[in-house]
Each structure stands twice: as C-alpha cells, then as structure tokens.
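Student: just need the structure, nothing else, for what follows:
(2 chains)
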Protein chains: 2
Amino acid sequence: MASRPSIPKGTRDFSPEEVIRREFIFDTIKKIFRLYGYQPIETPAMENLSTLLGKYGEEGDKLIFRILNSGEFLADVPGESLSKNNQSALSSMICEKGLRYDLTVPFARYVVQHRDEIVFPFKRYQIQPVWRADRPQKGRYREFFQCDVDVIGSESLLNEYELIRIIDSVFSRLKLSVLIKINNRKVLAGIAEVAGITDKLTDITVAIDKIEKIGEAAVIEEMKTKGISDAAITKLKPVLNISGNTTQKLGALEEILKSSENGLKGINELKTLFGYMENNSLISEVELDLTLARGLNYYTGAIIEVKSTEVSIGSICGGGRYDDLTGIFGMPGVSGVGVSFGADRIYDVLQSLNRFDVIKNQGVSLMIVNFGEKELSYNLNLLTIIQNMGINAEIFPEPAKIKKQMSYADAKKVNYVLMAGEDELKNNEVSVKNMISGDQKKISVDELYTFLKG
Amino acid sequence: MASRPSIPKGTRDFSPEEVIRREFIFDTIKKIFRLYGYQPIETPAMENLSTLLGKYGEEGDKLIFRILNSGEFLADVPGESLSKNNQSALSSMICEKGLRYDLTVPFARYVVQHRDEIVFPFKRYQIQPVWRADRPQKGRYREFFQCDVDVIGSESLLNEYELIRIIDSVFSRLKLSVLIKINNRKVLAGIAEVAGITDKLTDITVAIDKIEKIGEAAVIEEMKTKGISDAAITKLKPVLNISGNTTQKLGALEEILKSSENGLKGINELKTLFGYMENNSLISEVELDLTLARGLNYYTGAIIEVKSTEVSIGSICGGGRYDDLTGIFGMPGVSGVGVSFGADRIYDVLQSLNRFDVIKNQGVSLMIVNFGEKELSYNLNLLTIIQNMGINAEIFPEPAKIKKQMSYADAKKVNYVLMAGEDELKNNEVSVKNMISGDQKKISVDELYTFLKG
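Tutor: Residues are numbered from 1 along each chain as shown, chains lettered A, B, ... in the order given. You can find the predicted model right below:
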C-alpha cells in the first residue's frame, strides 16, 4: 500500500472535538465584540504582493507565502532574469499575489479602498486565518487564526478603555484569570528624551524589565555595556526605582518627565485611562508596566498586553494605538487603536486548565439503534420527532450487531441511546439508555419530550 | 495621492452587512448538520501538491493555485530546467504546496491519514473556502466557500435519505422553496448497456434532457448526429417516452432494464429511497430526473441536485454516492455519499427574494450619545448596565455634535439612541429615541430593563 498522505509542515488538521472547542473560543470572542458595537468584515486570503510587501520589515517579507501566477508564468520574464543569482527579483516577476500575513495590513487596505462606504469611527472585528513561512515549532504554526478588533478614525481614549473592557469581558466569559498590562509609547519616548538617548528606547525597556530579577547594580552595568552614558544612567536611576500603586507610579513619572512635553502627554493619557477604570471596575487585574514595549515600531500611544495568571505562556492578547495605519495606502492622519486575541494560545491555556468541560453542556445528543427493516419506519418516525425538538439525533445507518452500534455511540459521546425493537413497537414505547450512568428504562413515546427536554 | 489599493481579481471583500448575512447562511446549515449527528472537521488551506494533482482532471490541475517554495526556491533546480519551454515541469520543482481546490479531496486525505482515530461510519461536515484559478465572471469567484456534508464507511441507503432530509431541513429553515432532483448512476449505466452504447452515456442524458423542449423527432435526429446507431435509438425510444409519477416511471424503467443487472440494482435503490420518503414526508418537492448526470466521472449510485423554484439560477446544492473516494490515497473499498451546499448561490437567491429581513430580528442594539466629561461617568455606567443585559451597545467615543453622532447611529442601523444630559442626570433618567419610529421619551434607569427586554 502507498504511504499515508500527509499535510505541509506547520499546518494542522482539526478533529471534530478540536473544531468545536475552537468555535467555542471564536464564538465567545465574537459575541463580546458585537456586544460593544463592533462589526465583522472579511478580506480575501490572497492580497496583491504590492499590498503586503514592505509592511513587515525585511524579515517579514521573506515570511510571506507567494502564489505562482497561473498559466504561462514565465511568458513576460526576460531570458536573462531566469537565473539562480536572481531569485528574489524573479519571484516578484512570477508571483503577483501572496497569502495575508496578518489582519492589520488587509484592514488598512480595506479602509482606504472602501473609505466612501465607511462611516467613521469604524469599529470592526475580523476573525480569519493568516499564513507565515516561519520555521514551525511547538506552538508556532504556518497557518493560524487571528481575532482582531480595532476602531479607526477616533482619537478618544474611551476607545482604549472600551478595548480593555472587551479584554476583561472575553476572559471573564472564558473563566480565565488574566493580568492586563498597560504602557504608553509617549512615556517611553519621554524617558529616553529626558535621558538624552532617544535612539536607545529598546535597551532602556529591557533594562527596566530586569530590575526585579537582577537588581539595580547589574542593570546599570548592562546599560553601560550597551553604550548608555553615565550622565544618561544618572537620569534613568529614578525610573528604575519607581514603585507603588498606579497613582504613585504616575506621580513619580510626572516629576521625572516634567521637561518632556511628549512624556507628560503620555502621563495624562494614562491618568485618563486609569481614571475610567477606577469608576467602572473590571474583573481582571490591570497594571501599569513601564517595561511593556511591544510593537514599538508602529504604536504611538497606548500599549496593551494580556497574560494568563494561571498558566505560564506568552501573551494571549495584545495591541495598542497607531496614529497612521492607513498612511501607507495614501490616506494619512487617521488614528486607530486595536487589540488581537491569540486564539491558539487561549486554546492551549483552556486545555491545560481542563476548562473545556463548559462546552459539554451544549445540549443533548442521542443515537437510535437500527434493528432492521421491520422496525425501521417506527424508528425513522421517532428520529423525526426527536430532531423536531431540536435535539441532535441520528439512527445507525445499518442493522449491524448491537455491540458495534453501541461502540459507535460510545465513541461519539452521545448522551442517550434509544432502542425500539419488536416489544417496544407493540406498546408505542422506547427503551432509553443513559450513556453516562448506564441506566436504562422504558418510556412511552409521549413521555420522550419531558424526558429529553425536561 | 497614490491610487487606491485593490484586491486580486476574482476575490472579494465582505462588508459587515454581507458577513452577517453569510454567517446566517453558514449557521443555519451548520445547525442542521449537527441536528443530524454530523461533526465538523477543518483542514489546512495549503495541501501538498502531490495530494491535489491528478484528482480533478488535466483542466483541474491548471486551476490549482501553487505556492512558491520559501527561501532559495531555485536551489535544487538543475540549470537546464530553467527554461521557458519547461514551465509545467519547472512549476512542480519550485512549488510543493497548493491551495485546496475543493473539500472532497482534503476529506479523503484526512480520512486515510487519520483512519486509526476515526470511528466509522464517519459523518463529517466541513465549511471552508476553496480557491480556483478560473477566469472570474458574474457569480464565479477565485475564492469561495463550500459547505460539504458526507458520510463515509456505510453503504446503507438510509444515508442518502438522511442527506435528502438535511437538504429539506436547510431550505425550509431558510424559507426557500426548492425542487430536489434524484437520479442513479446505475440506472444511467443500465440504459446505455441495454442500448449497447456504454460509451455514450453523456450524449444519452443530454438527449433525454431535451425531449420536452424540442420533441422526440428532433432528439432522435440529434442522437444520430452523435453517432448513435438506429438499433440503439430503437432501444432508447421507450426511455424517451417515460412519464407519470415516480412509481410509474420506475415501473416502466424496470421493464426496459430487465436485462441489465446493474440497471435493476439502480431501480431497487431508487425504490428503497423513494419508499423512505413516502413514509416520512418532506416539505420540498422531490422528483426522479433521468437527465441528471452531474459528476458522472465519480458518482456510482445516487445523484442529487437541488434547484430553486423561485429564482432561475444553477443548482444550489448537489452531490451523490461514490464507491471509492479514499482509494486514490491507498485505502480502497470505502463507500461514501455526500452533498455540497453552494453558499454563494444561496446568498444570491435570498438576496434577490429579499429574504434577509429575518436577520434583523437578531436582538436590539443601541448607541448612547456622548455629551462630554461631565455626564461621562453616568453614561459609562449606563452602558455597562445595558451590556450586562446582553444588549449590543456603544457610546460615541467623542463628544461630537449631536448631528454627527445621530448620523453615525443612523448608518449603523441601531434600534435606539439613548441620551442622558444634565437634566436626565438630575432625575436618574434617560431619554430613549426609537430610530425607526422616531418616537422619543424619558424613562427612569430602573425602567430600562423592561423597556429594552420586555
């Protein structure tokens, strides 16, 4: 026999159980997005390469899956371009399209393309797969779903607040305990400005991040090796020692940043945002985290990251404000803010905490035993009655041995098995077996509704 | 300004309204699939080209989108292969993966790959996009969704009956009137066998199809031009004149096919199937249609096709039984039967009949006017109360002019706009505007629940 077929590395098949669990996550997220007035859009899997290239840095460009032009793909390629020394240029000649790498760039493209139909502020969500030619490894796939929620065309901090409430609602609904970390790009920029080293933003945040682990002396040593001057370090010292609750941290930072207009603007944004949260409390823990520096290349205001407090895994949701997302497509000056939920990691967290049991209570299911032609009409009628109650039901398609039929029912994890043979037919009855307890009893067909739905 | 960005031809963006309508179709179909005990699987968008090629005929192979290997895609290509005269072979050297062309081949691959985890009969459904490099035209896209439901590993005709009931349930739920046409490949083979022209199956069905339109004489003329002999035509004449209800048609056919074992087997299958339907009646019309010849290359038993009786459009659902789907992957002798719902065409039918109004009743939505900082805390609290009722609600993110806020609410088609300004605050009230009737009144916050949910 031929060897078994397989799928490309880094991709996955999903079994029925996995699909149902994944749908539970997507549905929960989707319901919350809608609860807050966000609307869904969908974009094609394939985008023009001109839309995708140059948006994710040089490394990102290499990770975009390119689609070979159909038909005579070499027709317009000059002979001299057909060379191994010319692979990068050649790939652009023979491929016009690529698979989307994330949902942010397609969203920006959508907004610009459909600007005349959209009423701003545009609150959209998008739940679709993306593809990356990354080296596959545990927890990293070449095809995975993103769940993005963004509002574009409004600078109000109420949007940041709303997104934090969405995060809070999603994880409460999923019964996951999380820590929501918040920072502000302007504050980070302000710190670098005050220390006179605006080019060393990342080094500073990495250093601040280590203070609790390795202590002040070691952090300062590390900053020196990164080429940060003594003068700058003296100015950074107060930042390293900031502690207390959010109000205290913000107070101390305000003092440090008093000479930086941008920094103070960031402080004010954080004050407003934490002010909203004070008045309308959240279930999740929220903290100001000055070391949070994700997406430093394009975030311009709030930076948000969410971590599980129960399972040690990377961030399970994150995002921030970007001031010029659509500028790359010729529509400048439109500010937006958004977050993305990592469905695969959320799946792993729920899995490792054994929290998928919630899904099992999603309604009754049953199988009717097939006894053969004589009882078939009675049993098909029974099936229709039960399905009309809205109960997932099936009859085994063949009059196979009872043992085979029962092991099928077992494998499918139905709640009940119904049996109506010769005896039951006579009395308009049916035997019902509870597949969890193993209990079995005869009831009349009229009692079925109360039994199954009661 | 740069020209607006666009998407590859044959692909589509879906606006919020379109996504919600499409989801309504998918959800309806999915609920029915589950009601009948089918379980979802999902497979990757990319399959190995070795899985896809050779399964759809020579024309089909050309329509598969190929994905360029990542990185140094020319590294292993011999220099002499880099030639314009060698495009087809070259494309297989530089591409290992392709986008799935349908859901049937990935399903067959899934079954063989996971045969040890699957309990047969395996009842699965799959709702995912497929991609084809077809020439785009009205109603034909390069990316579109298929909704497939199949049972594999059972030869029982109860499966065919179940699929017909699923079709009946889906279209009843969508409030669409349809005609379900049924044929059997064995009957078609029997007719050709009796006439002694087993190689002219398609010509025969095309001819039978035209009898009502052009009459017997013209049909016979056409058969002659196709090279069908006079002797064969004499034998076919009785088939051309078959009429009456299903029982009468089957009776007449049985007489004609009495010398063909295969033909009689087909008749018996049809008799059994129509017998099931007689005892458990359907809402949709069902008819035996001898001209139905879809998928003649791989169907071996039942052939099913569904047409709208209200809108003139191609078939909106179809399928049949195939006796050896998994044989191509080295697992022979597993019979299956399935149908596929054409979501895009169903969308078009619902659209042209203006039947999407059902969706509007999917719950209340509202917007709270933003009056500015002074009333903000009161209004944010109001928002939380309303969202906790499960009602989709949002506050306009900025204290913009009322006119701007109202036109946003209008565009978003919310049911109510809530206003709580200085006056309302004093009395713990809120003004509620019904956006359809235009009525506006003040109610207390305590009355909100009854007003919105009552």
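
Student: how many residues are close by the residue of the stretch 301-450 of chain A at minimum distance from chain B?
Tutor: Residue nearest to chain B within the stretch 301-450 of chain A (C-beta to the nearest C-beta): residue A:394, separated by 3.1 Å. Placement of C-beta: from N, CA and C, glycine included. Residue crowding around residue A:394 was assessed by other C-beta atoms under 10 Å in any protein chain shown; the count is 25.

Student: what about it, which SS state?
Tutor: The three-state assignment at residue A:394 reads strand, by DSSP: H, G, I helix; E, B strand; the rest coil.

Student: show me the contacts for the closest residue to it other than its chain neighbours.
Tutor: Computed as C-beta to C-beta, 6 or more residues apart in numbering or on different chains, the closest residue to residue A:394 that is not its neighbour in sequence is residue B:37, at 3.1 Å. By C-beta atoms under 8 Å, 6 or more residues apart in numbering or on different chains, the contact set of residue B:37 is A:365, A:367, A:392-394, A:412, A:414, B:123.

Student: still on that earlier bit, give me the pLDDT for the residue of the stretch 301-450 of chain A closest to chain B.
Tutor: The per-residue pLDDT reported for residue A:394 equals 95.

Student: pretty sure it is touching residue B:151, no?
Tutor: No: the criterion here is C-beta atoms under 8 Å, and residue A:394 misses it with residue B:151 at 9.6 Å.

Student: between the two, which contacts overlap?
Tutor: Shared between the contact lists of residue A:394 and residue B:151 (criterion: C-beta under 8 Å, 6+ apart) are residues B:123, B:162.

Student: residue A:305 versus the residue nearest to residue A:394, what's the distance?
Tutor: Distance check for residue B:37 against residue A:305: by C-beta to C-beta, to the nearest Å, it reads 42 Å.

Student: how about the helices in the stretch 1-150 of chain A?
Tutor: Chain-ordered helices for the stretch 1-150 of chain A, with DSSP state H, counting those that start in this stretch as the definition, fall at A:16-35, A:49-52, A:57-62, A:87-94, A:104-113.

Student: ok, then the element right after the least confident helix or strand in chain A by mean pLDDT?
Tutor: Of the helices and strands making up chain A, the lowest-confidence element is helix A:357-360, at a mean of 68, by mean pLDDT, DSSP states H and E. Under the assignment DSSP states H and E, the closest C-terminal helix or strand after helix A:357-360 is strand A:365-368.

Student: mean confidence for that next one?
Tutor: In this model, strand A:365-368 carries a mean pLDDT of 95.

Student: tell me which strands that strand pairs with, and in which orientation.
Tutor: Taking DSSP bridges as the criterion, strand A:365-368 forms sheet pairs with strand A:392-395 (parallel), strand A:416-419 (parallel).

Student: where in the stretch 1-150 of chain A is pLDDT low?
Tutor: A:1-2 (pLDDT under 70).

Student: how much space between the closest residue to residue A:230 other than its chain neighbours and residue A:420?
Tutor: Once flanking residues are discounted, residue A:230 sits nearest to residue A:224: 7.8 Å by C-beta to C-beta, 6+ apart. Distance, residue A:224 to residue A:420, by C-beta to C-beta: 83 Å.

Student: what sits against residue A:70?
Tutor: The contact partners of residue A:70, by C-beta under 8 Å, 6+ apart, come to B:62-63, B:65, B:133.

Student: typo on my end, residue A:90
Tutor: Listed by C-beta under 8 Å, 6+ apart, the contact set of residue A:90 reads A:77, A:81-83, B:74.
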